[in-house]
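> no sequence on this one, just coordinates:
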């Protein structure tokens, strides 16, 4: 096959920083910091604030607004009700803010989908959105974005990112659907009379603030059982915080937007988002993604929904078959049901079907490691790509010396558990220029696409940087051996 490696390489850039809260580990330290700022004269406050803004304003947008938010978050540490000047408030907020270089360590595991805006292009050109796993200090991962185009000749161009990155705002009035929320609690084994008392007073759509108020009210009314019910209350809040909405500035460039860890389940990062452009039976389109949340000990599969890459809804995936990493949704319903690739046992590839996007109950085995380059494990490299010949699934296989390669398999369009064929040899294996990195001897993708008969594969090189390869789709299909 004529697999062409491009010269487009996206490397991590430590100068791309965002601001985020700085939280002292001990509350008394926060009080001490505030007290020291309160001791300053007003002239000293003005000079210090001017210095901070002068030093950092060129690296960020709307920095003063964030300082004000941070002051509001810590003002309860103030010892009096004394009114403060805006400058003193902003200076206090600056001491509880920090910069974070979100891609200082790596920029890898890309996923490519076609951009919702295809205007202003030349004939034969198509615009894409590329999501990437950005890893920074503490090996905390987030989801970043790039845009680019593929022209009629297969040439790939990626737009240069701007110098800014800004974490999104969590939507304060985000609403939860009570039936769906209760179903999640049942799945997690959180079912008790306490739950009924809390939710009976809530509407079918409720906010986090309303949930917290109901929990507090129920706890006060049932003091005798407060200690018994505290674990249930904590679990309910944890579920709520794992299901949230975030919103980016609509005026920002897509490269400035990021999905940054927010919920307790994401403390140690968001890994390997697999985006897909999903087309419903009525022709409407949505962008969905699966990713893995990691809190340092437990991996939790999560689900993202967006229409415009501005507002994102993040939800937990539920059901007995939600386990392990690397789930990838098919780009449309099959026989009326949603379908998703999975790898619950960490070794084999399965297909799941469900009538609900957030709940998955059954799986069927599809592929086992068969060839030497995949003897350790096999998994998907993103959502299946629909072709006239069948569902083309890019796969990753792990062989000797934990070497990762990218292969392909073809599944039946009407029954994706039926394997039509697979490649006996990898499409891509790490060459000498791709072997060195954070994790050596790895090529890996979270999703490619087909443009005008050309298979476009974005992939990471040894968990460090991202590049692209292209190959005629017909060549891949011709090389697939019958099952």
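Ah, there it is. For clarity, every value in this text was computed on a predicted model and none was experimentally measured.
> Could you give the number of residues near residue 380?
Residue 380: 25 surrounding residues under other Cβ atoms under 10 Å. C-beta coordinates here come from the backbone N, C-alpha and C atoms, glycine included.
> quick one: the strands in the stretch 151-300 of the chain?
Remark: strands assigned in the stretch 151-300 of the chain by DSSP state E, counting those that start in this stretch are 156-158, 169-170, 175-177, 205-207, 244-247, 258-259, 270-279, 285-294, 299-306.
> Output those strands in JSON lines; the columns should cover distance to residue 71 and mean neighbour count.
Listed next are the strands of the stretch 151-300 of the chain as JSON lines, based on distance: least, Cβ to Cβ, whole Å; neighbours: other Cβ atoms under 10 Å:
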{"stretch": "strand 156-158", "distance to residue 71": "39", "mean neighbour count": "18"}
{"stretch": "strand 169-170", "distance to residue 71": "17", "mean neighbour count": "14"}
{"stretch": "strand 175-177", "distance to residue 71": "28", "mean neighbour count": "16"}
{"stretch": "strand 205-207", "distance to residue 71": "24", "mean neighbour count": "15"}
{"stretch": "strand 244-247", "distance to residue 71": "22", "mean neighbour count": "18"}
{"stretch": "strand 258-259", "distance to residue 71": "24", "mean neighbour count": "23"}
{"stretch": "strand 270-279", "distance to residue 71": "28", "mean neighbour count": "23"}
{"stretch": "strand 285-294", "distance to residue 71": "30", "mean neighbour count": "21"}
{"stretch": "strand 299-306", "distance to residue 71": "31", "mean neighbour count": "19"}
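> among these, which is nearest residue 58?
strand 258-259 (19.3 Å; Cβ to Cβ).
> Packing partners of that closest one?
strand 141-150 (3 or more Cβ pairs under 8 Å, 6 or more residues apart in numbering; DSSP states H and E).
> got the angle between the strand it packs on and strand 299-306?
Orientation check (axes from the mean of the first three to the mean of the last three Cα atoms, to 10 degrees): strand 141-150 against strand 299-306 gives 40 degrees.
> Distance from the chain centre to strand 141-150, please.
Relative to the centre of its chain, strand 141-150 is centred 12 Å away, using Cα atoms, centre = their mean, to the nearest Å.
> sorry, back to before: who wins for proximity to residue 18 among the strands of the stretch 151-300 of the chain?
Among the strands of the stretch 151-300 of the chain, the nearest to residue 18 by Cβ to Cβ is strand 258-259 (6.7 Å).
> hmm, which helix or strand of this structure has the shakiest average pLDDT?
helix 226-241 (a mean of 86; mean pLDDT, DSSP states H and E).
> picking that back up, distance to residue 128 and mean pLDDT added to the strands of the stretch 151-300 of the chain, as JSON lines?
Shown next, in JSON lines, are the strands of the stretch 151-300 of the chain (distance: least, Cβ to Cβ, whole Å; pLDDT from 0 to 100):
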{"stretch": "strand 156-158", "distance to residue 128": "9", "mean pLDDT": "98"}
{"stretch": "strand 169-170", "distance to residue 128": "26", "mean pLDDT": "90"}
{"stretch": "strand 175-177", "distance to residue 128": "32", "mean pLDDT": "91"}
{"stretch": "strand 205-207", "distance to residue 128": "35", "mean pLDDT": "94"}
{"stretch": "strand 244-247", "distance to residue 128": "22", "mean pLDDT": "94"}
{"stretch": "strand 258-259", "distance to residue 128": "18", "mean pLDDT": "96"}
{"stretch": "strand 270-279", "distance to residue 128": "10", "mean pLDDT": "96"}
{"stretch": "strand 285-294", "distance to residue 128": "12", "mean pLDDT": "95"}
{"stretch": "strand 299-306", "distance to residue 128": "15", "mean pLDDT": "92"}
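> among those strands, which is nearest residue 133?
Going by Cβ to Cβ, the one of the strands of the stretch 151-300 of the chain nearest residue 133 is strand 270-279, 6.0 Å.
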